[in-house]
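Enquirer: here is a sequence together with a model predicted from it:
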2 protein chains.
Amino acid sequence: MKSVNIALVHHPVLNKKNEVIGSAVTNLDLHDIARAARTYGVANYYITTPYEDQRKLAGEIIGHWQTGHGATYNPARKEALSTIRLAESVEQVVTELKQQNKNLLVVATSARAYQTCISYHDLRERIENGTPVLLLFGTAHGLAPQVMEMVDTVAEPLKGATDYNHLSVRSAASIIFDRLLG
Amino acid sequence: MKSVNIALVHHPVLNKKNEVIGSAVTNLDLHDIARAARTYGVANYYITTPYEDQRKLAGEIIGHWQTGHGATYNPARKEALSTIRLAESVEQVVTELKQQNKNLLVVATSARAYQTCISYHDLRERIENGTPVLLLFGTAHGLAPQVMEMVDTVAEPLKGATDYNHLSVRSAASIIFDRLLG
């Protein structure tokens, strides 16, 4: 039984100048990543932000598609957004998921190469062998060092056919789901 | 020498009721798909729309990142958007590309299964053997029948781990680039 969970992290992340910031929740990240998550059977899609107003905004958007006009207008979107959970922090997500299964493997994604990387091939195997996984995706310019320090491992950076590696987090998440679960 | 080109089609496409419409160009489709296209070495990313005001809008967005403030603020984005070409129709794109190489293979993408599908494995092989390819992506609810009738073949629908298949065109394009060129 595969269990893949993801968190889109809005704090602590880096800005262009490598400073630690909190980023804004965007409507599009909710929709695009939820649709891909639902397609590939991701169990829970966490939106983490310490800002209450941002969680409220996300909750209102989700509510529109879950119980508002959107739910009848587009039932497929309702289904996708039903994978979303709101959380204050990465720590909260890890604690919640570890209560369900203490073997949880927490994996950061990054456009940079780290010494202790896990390949998609190996990660796919771990998932198929029943290890529950939490994949962390950073918004803005990526996950801050304090997040990288708390994870069990880092997924290898996605390589395209060129040395250009500035994928949107929406594209990166979609490709990673396909490699791990497709 | 691989040659993969793509076109994001804004007309003729289908709406929710299966009627043929023209859709609006969106800023995000330009950015997300251009970044993925650049990462995977796509040669040209065509935006096709018969509406002059929509081509003008797209041209202004691209201009901001090519020669405006955006070009110095974010050179990586400048590089990604440099793959974009504007065209009036799919026919114009096909004619342009066939002038360069008459062996062009025109491939539609679709969430539906068609009788004459090509697998990503076979399409990847064709690309590696030097066949120049044009991949068509539909906006809104997908490419209209008149586009499906003019293509050489249709790529197999993307299958995730579930029977839900409502990926955004941005996610679908990213995953297809990874399967064909990753």
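Expert: Yep, it's here.

Enquirer: pull out the buried positions in the lowest-mean-pLDDT helix or strand in chain A.
Expert: In chain A, no helix or strand scores lower on mean pLDDT, DSSP states H and E than helix A:69-73, which sits at a mean of 89. By 16 or more other C-beta atoms under 10 Å in any protein chain shown, the buried positions in helix A:69-73 come out as A:70-71. C-beta coordinates here come from the backbone N, C-alpha and C atoms, glycine included.

Enquirer: same thing with stretch A:130-150?
Expert: Neighbour count says stretch A:130-150 has A:131-144, A:147-148 buried, by 16+ other C-beta under 10 Å.

Enquirer: among those residues, which are in strands?
Expert: Among the buried residues of stretch A:130-150, the members found in strands (DSSP state E) are A:133-138.

Enquirer: which one of the residues you listed is nearest residue A:124?
Expert: For those, the closest approach to residue A:124 (C-beta to C-beta) belongs to residue A:133, at 10.0 Å.

Enquirer: contact residues of chain A facing chain B?
Expert: By C-beta under 8 Å from any C-beta of the partner chain, the residues of chain A that approach chain B are A:2, A:28, A:31-32, A:35-36, A:38-41, A:76-77, A:79-80, A:158-162, A:164-168, A:170-172, A:174-175, A:177-179, A:181-182.

Enquirer: those helices in chain A, which residues are they?
Expert: A:27-40, A:52-66, A:69-73, A:75-81, A:90-100, A:120-128, A:145-148, A:169-181 (DSSP state H).

Enquirer: which of those sits closest to residue B:59?
Expert: helix A:27-40 (22.6 Å).

Enquirer: if you count neighbours, what's buried in the closest one?
Expert: Buried, per 16+ other C-beta under 10 Å, within helix A:27-40: A:29-40.

Enquirer: ok so, going back, ok, and what's touching the least confident helix or strand of chain A?
Expert: A:64-65, A:77-78 (C-beta atoms under 8 Å, 6 or more residues apart in numbering or on different chains).

Enquirer: ok, so of the residues you listed, who is nearest chain B?
Expert: residue A:77 (7.5 Å; C-beta to the nearest C-beta).

Enquirer: quick one, what contacts that closest one?
Expert: Residue A:77 neighbours (C-beta under 8 Å, 6+ apart): A:31, A:35, A:65, A:70, B:166.

Enquirer: show the contacting residues for the first one.
Expert: Put plainly, it is residue A:31. With the criterion set at C-beta under 8 Å, 6+ apart, residue A:31 makes contact with A:77, A:80-81, B:168.

Enquirer: what's the closest non-adjacent residue to residue A:38?
Expert: residue A:80 (4.3 Å; C-beta to C-beta, 6 or more residues apart in numbering or on different chains).

Enquirer: list the contacts of the one you found.
Expert: A:31, A:34-35, A:37-38, B:164, B:166.

Enquirer: which pair in those has the greatest spatial separation?
Expert: Longest span within the contacts of residue A:80, C-beta to C-beta: A:31 and B:164, 13.9 Å.

Enquirer: check contacts around the spatially closest residue to residue A:178 that is not a sequence neighbour.
Expert: Nearest residue to residue A:178 in three dimensions, chain neighbours excluded: residue B:175, at 4.6 Å (C-beta to C-beta, 6+ apart). Residues in contact with residue B:175 (C-beta under 8 Å, 6+ apart) are A:174-175, A:178, A:182, B:158, B:167.

Enquirer: tabulate the residues you listed (TSV), appending distance to residue B:90 and pLDDT.
Expert: Putting the contacts of residue B:175 into TSV (distance: C-beta to C-beta, whole Å; pLDDT from 0 to 100) gives the following:
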residue	distance to residue B:90	pLDDT
A:174	25	98
A:175	26	98
A:178	26	98
A:182	28	94
B:158	21	95
B:167	21	96
